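Peer 1: Make a model of this:
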Amino acid sequence: MAGSDLPSLGRVKLCDLIACEGLPSDSYKLSVSTLSQSLAQYSAAIIQFPSSDGALLRSGLDSAHLYFHQRASYPAADMIHDNESREWCKTSGYYADPQLWLETYDFRPGLTPTESNSGLEFPPAGLPDMFSLLGKAARDILDAITFYLNLRSSPFTEILDNVPLRGREISSSVLSVCCYGRPSFQGPQHHNLTTQEDGQLVMFSDHEHQVDKSLITLVKSDKAGLHVRDFHGRWVLVDGDLGPQEAIVYPGLALYQATAGYVGPALHRTEISNLQSNLYGRCCLAFKLMPKSMTSLNCSEMRAAGHGVEAQFQLPIPVDDFMQRSHPTEQLFNRHTFPSFNFPTAQDGRFSVFK
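Peer 2: Down below sits the predicted model:
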């Protein structure tokens, strides 16, 4: 895979990304290489879950449809969420952002959901099981990326939540059940229009360029609409051809910082056109693997592996400070390219990683 372009978004089976004791198998090396090359070219990749897990994801989306469909047409004032960065690790329960025409239910183990003034309500079903499934997948994907970068095993353990959480701990990672453009949701609904290559007009929200501050984000949607900017600056529809057990993965800003810019964050936007004719809008499950708030992001693991670390990444940054900072997107693309490694076989049978 080294040095060659992928003709389309890379597809990788999750089971092939799970590390085992001993030497890495050929299927593991090939899957890791495909994943990493796809992240380098498209800032995203397709992850194939086992069919049994696909059934859980499908039921999660069905539950999201019912949950948002029964909600009021406009949220109460205390449910309006302004994306306050100081509350990044405290969100739980239902929130709405009318400017984005977006409703969200955040599931964060260890934190009781925010109650609305309307009284008792039931959350979407199956959230603990989906959190566990996507959380384990995100960690396996993160470990695969660190293997590609020739880092030691599980180098980010110190900044990740305990598994399982200890007493009174609150999860830093979050599972967001999202709904875009629900027809019965009456928000200001300000949008921009942009033109696709085929000349059709496609509508996006005003805040169309978004970058997650996660390490890894996994997204499973019920219909196409997620666009990610590729290495050449083109917007690519990444979820237009997903099977029932497939999801999209992309890196976030925290991984960009922790890898000294070697793994670039995905710049993404969501299409919200042609949803008025749909009863439920566009629903998705989004899991964000987040670092713990009381830790720091540093590049010591990258230096230990022999990677060059530029001045802007030299000093450790407290996670809480990092999450509250603004990160202008135009600066994120003046960065390293994701390195192209291959896996040559040494005479003693071991595998090593080279640029």
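Peer 1: any weak-confidence spans in the stretch 251-355 of the chain?
Peer 2: 274-278, 330-355 (pLDDT under 70).
Peer 1: list the contacts for Lys220?
Peer 2: Lys220 makes contact with Leu57, Gly60, Leu61, Leu242, Glu246, Ala247, Ile248, Cys284, Leu285, according to C-beta atoms under 8 Å, 6 or more residues apart in numbering. In this view, the C-beta of every residue, glycine as well, is placed from N, C-alpha and C.
Peer 1: again but with Gln257, I slipped
Peer 2: Counted by C-beta under 8 Å, 6+ apart, Gln257 has contacts Leu297, Cys299, Phe313, Ile317, Phe322.
Peer 1: Among those, which ones are in strands?
Peer 2: Leu297, Ile317 (DSSP state E).
Peer 1: Same list, the contacts of Gln257, but as CSV with distance to Ser73 please.
Peer 2: Listed next are the contacts of Gln257 as CSV, based on distance: C-beta to C-beta, whole Å:
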residue, distance to Ser73
Leu297, 41
Cys299, 48
Phe313, 47
Ile317, 42
Phe322, 37
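Peer 1: rewinding a little: out of the contacts of Lys220, name the ones that lie in helices.
Peer 2: Assigned to helices by DSSP state H, the following of the contacts of Lys220 qualify: Leu57, Gly60, Leu61.
Peer 1: What's the local residue count around the second one?
Peer 2: Applying other C-beta atoms under 10 Å, we find 24 residues neighbouring Gly60.
Peer 1: how about the nearest residue to it, chain neighbours excluded?
Peer 2: Ranked by C-beta to C-beta, 6 or more residues apart in numbering and with sequence neighbours excluded, the top spatial neighbour of Gly60 is Met130, at 4.9 Å.
Peer 1: Show me which positions of the one helix or strand that neighbour maps to end up buried.
Peer 2: Assigned by DSSP states H and E, Met130 belongs to helix 127-148. For helix 127-148, burial by neighbour count (16 or more other C-beta atoms under 10 Å) applies to 127, 130-131, 133-135, 137-148.
Peer 1: now for it, which elements pack on it?
Peer 2: helix 26-42, helix 51-69, strand 102-107, strand 174-180, strand 216-221, strand 246-251, strand 282-289 (3 or more C-beta pairs under 8 Å, 6 or more residues apart in numbering; DSSP states H and E).
Peer 1: Might you calculate how far that helix sits from the centre of the chain?
Peer 2: Taking C-alpha atoms, centre = their mean, to the nearest Å, one finds the center of helix 127-148 at 11 Å from the center of the full chain.
Peer 1: all numbers from here: first residue = 50
Peer 2: Got it, the first residue is 50 from now on, which makes the last one we talked about helix 176-197.
Peer 1: model confidence over it, on average?
Peer 2: The pLDDT scores in helix 176-197 average 98.
Peer 1: Helix 100-118 and that helix, what's the angle between them?
Peer 2: Calculated by axes from the mean of the first three to the mean of the last three C-alpha atoms, to 10 degrees, helix 176-197 forms an angle of 130 degrees with helix 100-118.
Peer 1: So what angle separates the directions of helix 176-197 and strand 151-156?
Peer 2: 90 degrees.
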